[in-house]
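S.K.: only geometry, no sequence info:
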């Protein structure tokens, strides 16, 4: 097995451009900017040949171009950037599957694609479902992460970013049995590393309902060195906030209760006071006339149909349009 390229016997790509020559000739445009688009397999359609497939080094160059030059553009709406990059990265993964690419090149590619999808889930969390489908993005994220963890396990040697992505997997699948069981399959050195053990404990706290301890991770110095970890945790934030309100509604239930809105804001990472009030009202909780306190009362809590997604200041300070490409490509030192 060639660890840097392919697993087993398979097709080997010979296309040295980001887009096959046939498409470049058809469109007659700049070869340095054209990127092969995704094409769904279909009955009767010709299987791609070697000249249609990009070898590992070209796929790495393609991903670096997409995440380095396209994602940080400020002249295009980021949702449109996402649609373009999503399609081209999907095609990159298609070329990888056909060639069964693994090894260091496969790891390099999958790490970067996973970061993109996780960040996109955060960046587009407020978009309506008609413009951004989080379920589809989640599906592609999970596929990348699981494939990446598998390649880590079969390719010998120490992998520089493995701790980061083992931690990402735990947080992205917070409280999930499969992710927690995967933790025990890791070597002792990985399990006891500061970052992975911290994320494991966070997942356990979430599973046990200790939401305040779980959210402390958002301010932990280790995770601030890896902003994508915070994006992975953020996808659970709305659920954490609502579970917390439900727990407190039972614990502090009293007709005379007046729990300060400001305390909820600090404890559960709400965006602002209006966000707290809106969330409480959607959950059926009564807010005082002066908007300063909430009345917890058993039986009043209801489960809203829709999640309220919002951005977090702590993440927005760490990831900006100026450093986005460096974070996705891991050019910034941790």
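M.R.: Arrived safely. Computed from a prediction, not measured in an experiment: that's the story for all the values here. Numbers count the residues shown, from 1 in each chain.

S.K.: May I have the phi/psi pair for the residue nearest the centre of the chain?
M.R.: Nearest to the mean C-alpha position of the chain, by C-alpha atoms, centre = their mean, lies residue 118 at 1.7 Å. Phi and psi for residue 118, reported as degrees, to the nearest 10, are phi -70, psi -40.

S.K.: Would you confirm that it contacts residue 168?
M.R.: Yes - look at residue 118 against residue 168 with C-beta atoms under 8 Å: they come within range, at 6.8 Å. For every residue, glycine as well, the C-beta is placed using N, CA and C.

S.K.: tell me which residues of stretch 298-305 are tucked away?
M.R.: By 16 or more other C-beta atoms under 10 Å, the buried positions in stretch 298-305 come out as residue 301.

S.K.: and what of stretch 155-165?
M.R.: So for stretch 155-165, counting by 16+ other C-beta under 10 Å, buried means 155, 159, 161-165.

S.K.: Mean confidence (pLDDT) on that stretch, please.
M.R.: Confidence for stretch 155-165, expressed as mean pLDDT, is 95.

S.K.: ok, and what's touching that stretch?
M.R.: Identification of contacts with stretch 155-165 by C-beta atoms under 8 Å, 6 or more residues apart in numbering yields 3, 102-104, 107, 111, 114, 145, 148-149, 152, 190, 193, 195-196, 226, 228-229, 330, 334.

S.K.: Just give me how far that stretch sits from the chain centre.
M.R.: Centroid displacement of stretch 155-165 relative to its chain, using C-alpha atoms, centre = their mean, to the nearest Å, is 18 Å.

S.K.: Stretch 253-268 now?
M.R.: Using C-alpha atoms, centre = their mean, the offset of stretch 253-268 from its chain centre is 32 Å.

S.K.: circling back to that earlier point, the contacts of stretch 155-165, buried ones only, as a PyMOL selection?
M.R.: This is how PyMOL selects the buried members of these, with burial counted by 16+ other C-beta under 10 Å:
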select buried, resi 3+102+103+104+107+111+114+145+148+149+152+190+193+195+196+226+228+229+330
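
S.K.: Return the subset of the contacts of stretch 155-165 lying in helices.
M.R.: 103-104, 107, 111, 114, 145, 148-149, 152, 190, 195-196, 228-229 (DSSP state H).

S.K.: in the stretch 201-334 of the chain, what spans have low per-residue confidence?
M.R.: 332-334 (pLDDT under 70).

S.K.: Also the stretch 51-200 of the chain?
M.R.: For the stretch 51-200 of the chain, no stretch has pLDDT under 70.

S.K.: What are the boundaries of the helices in the stretch 151-300 of the chain?
M.R.: 162-172, 177-185, 188-191, 194-208, 211-215, 221-224, 227-234, 237-251, 261-267, 273-282 (DSSP state H, counting those that start in this stretch).

S.K.: Distance to residue 12 for the ones you listed - can I get that in a markdown table?
M.R.: Formatted as a markdown table, the helices of the stretch 151-300 of the chain follow (distance: least, C-beta to C-beta, whole Å):
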| stretch | distance to residue 12 |
| --- | --- |
| helix 162-172 | 27 |
| helix 177-185 | 32 |
| helix 188-191 | 33 |
| helix 194-208 | 35 |
| helix 211-215 | 46 |
| helix 221-224 | 40 |
| helix 227-234 | 32 |
| helix 237-251 | 44 |
| helix 261-267 | 55 |
| helix 273-282 | 53 |
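
S.K.: Compare these and give me the one nearest residue 129.
M.R.: helix 237-251 (14.7 Å; C-beta to C-beta).

S.K.: Counting neighbours, which bits of the closest one end up buried?
M.R.: Going by neighbour count (16+ other C-beta under 10 Å), the buried part of helix 237-251 is 237-238, 240-242, 244-246, 248-249.

S.K.: Can you tell me which of these is closest to residue 61?
M.R.: residue 237 (35.6 Å).

S.K.: quick revisit: which of the helices of the stretch 151-300 of the chain sits closest to residue 299?
M.R.: helix 237-251 (9.0 Å).

S.K.: right, and residue 207 touches residue 175 too?
M.R.: Yes - counting by C-beta under 8 Å, residue 175 is a contact partner of residue 207 at 4.1 Å.

S.K.: Pick out whichever of those two has more residues nearby.
M.R.: The neighbour count for residue 207 versus residue 175, taken as other C-beta atoms under 10 Å, is higher for residue 175 (19 against 14).

S.K.: The more buried one and residue 205, how far apart?
M.R.: Distance of residue 175 to residue 205, computed by C-beta to C-beta, to the nearest Å: 9 Å.

S.K.: Ok, residue 83 next?
M.R.: From residue 83 over to residue 205 the distance is 36 Å, taken as C-beta to C-beta.

S.K.: So these two - more neighbours on which side?
M.R.: Neighbours of residue 83 and residue 205, each counted by other C-beta under 10 Å, are more numerous for residue 205; the result is 19 against 13.

S.K.: contacting residues for the more buried one?
M.R.: Neighbours of residue 205 in contact, by C-beta under 8 Å, 6+ apart: 211, 213-214.

S.K.: Drop anything exposed from the residues you listed.
M.R.: Here, 16+ other C-beta under 10 Å leaves 211, 214 buried among the contacts of residue 205.

S.K.: For the residue sitting furthest away from the middle of the chain, what are phi and psi?
M.R.: When each C-alpha in the chain is compared with the mean C-alpha position (C-alpha atoms, centre = their mean), residue 256 comes out farthest, at 42.3 Å. Main-chain dihedrals, residue 256, degrees, to the nearest 10: phi -100, psi 0.
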